[in-house]
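Peer 1: Next comes the sequence, and after it the predicted model I'd like to discuss.
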Amino acid sequence: MGKQRMRRFLTKFRTAIGRSFSWCWKLEFHHDDDGYPHWHLLIDYRKRMPTEILRDLEAWWNLGRVNVRRVLRRDVPYVFKYVAKGPEDLPEWVIRHKGRLRVFQACQGFYTARKHRRHERKEPRSCLVNVDLHTRIERERRMALLISTNPHGQRRVRAVKLRMTFNALQVMRAHESIRQGVQLAAPGVVTISQWQSDMLQYEHRKFAGLAGIPRSAATA
């Protein structure tokens, strides 16, 4: 709803001043229990704001109060760095939100002379299911980087799925190393055999479309 309101707000502002302008906005969340959202909007308008427009801003927005501040040329790098920073602590409702959440957007050609690339519309190659951020975090805990080296010394790195979380796998292999009296691997590293590597890649390809690998997938 906020993104649609921002689009209408920019349209009304553009109509009021009678010309186009460059803009970007950033979505952030208040540091309270509810995590209410608020937007920082940076507009490249270098004239004095008309009084009648200032009176209409909150009515155009209609999702809370509006605070207008002038940004000097020397302040632009700091303001843009602040606006473009990544999100920090996310409220629970954002983590549980299903689908993608846009937190930053800029107009076409925002402070750049690069031409816009044309993209051809094509049929999607896969069917994506919207999941919330909590599900993605749980899924990524069962991911690992598989690093293999061929006889020519060339390394290949790929992301694969695991049956258990990587932390659980690392603890299990550490107990095996202590029980067998062999040297522990470096932190964050689990050494596996070529056969285990082939099985890991097979399961990853077979269950690529699922959130995780079933426990009864194959005997290992």
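Peer 2: Yep, that arrived.
Peer 1: quick one, domains of the protein?
Peer 2: Split into domains by automatic domain parsing, the chain comes to 2-106, 141-206.
Peer 1: How about residues contacting the helix-or-strand element of the chain with minimal mean pLDDT?
Peer 2: The helix or strand of the chain with the lowest confidence, counting by mean pLDDT, DSSP states H and E, is helix 76-83 at a mean of 74. Residues lying outside helix 76-83 but in contact with it, judged by C-beta atoms under 8 Å, 6 or more residues apart in numbering, are 24-26, 40, 42, 71, 104. From N, CA and C alone the C-beta is placed, and that goes for glycine too.
Peer 1: Which of the domains of the chain sits closest to Thr135?
Peer 2: Each of the domains of the chain has some distance to Thr135 by C-beta to C-beta; the shortest is domain 2-106, at 8.4 Å.
Peer 1: chain center to that closest one, what's the gap?
Peer 2: Averaged C-alpha coordinates place domain 2-106 at 19 Å from its chain's average position (C-alpha atoms, centre = their mean, to the nearest Å).
Peer 1: Likewise for stretch 159-175?
Peer 2: Remark: stretch 159-175 is offset 25 Å from the chain centroid, using C-alpha atoms, centre = their mean.
Peer 1: What is the end-to-end distance of that stretch?
Peer 2: 25 Å (C-alpha to C-alpha, to the nearest Å).
Peer 1: same deal with stretch 89-99?
Peer 2: The first and final residues of stretch 89-99 sit 18 Å from each other (C-alpha to C-alpha).
Peer 1: ditto for stretch 26-40
Peer 2: Note: stretch 26-40 ends 5 Å apart using C-alpha to C-alpha.
Peer 1: buried sites along it?
Peer 2: Buried residues in stretch 26-40, counting neighbours by 16 or more other C-beta atoms under 10 Å, are found at 26-29, 35, 37, 39.
Peer 1: how about TSV for those residues, with distance to Asp198 and secondary structure added?
Peer 2: TSV is the format used below for those (distance: C-beta to C-beta, whole Å; DSSP: H, G, I helix; E, B strand; the rest coil):
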residue	distance to Asp198	secondary structure
Lys26	46	strand
Leu27	44	strand
Glu28	46	strand
Phe29	45	strand
Gly35	45	coil
Pro37	47	strand
Trp39	50	strand
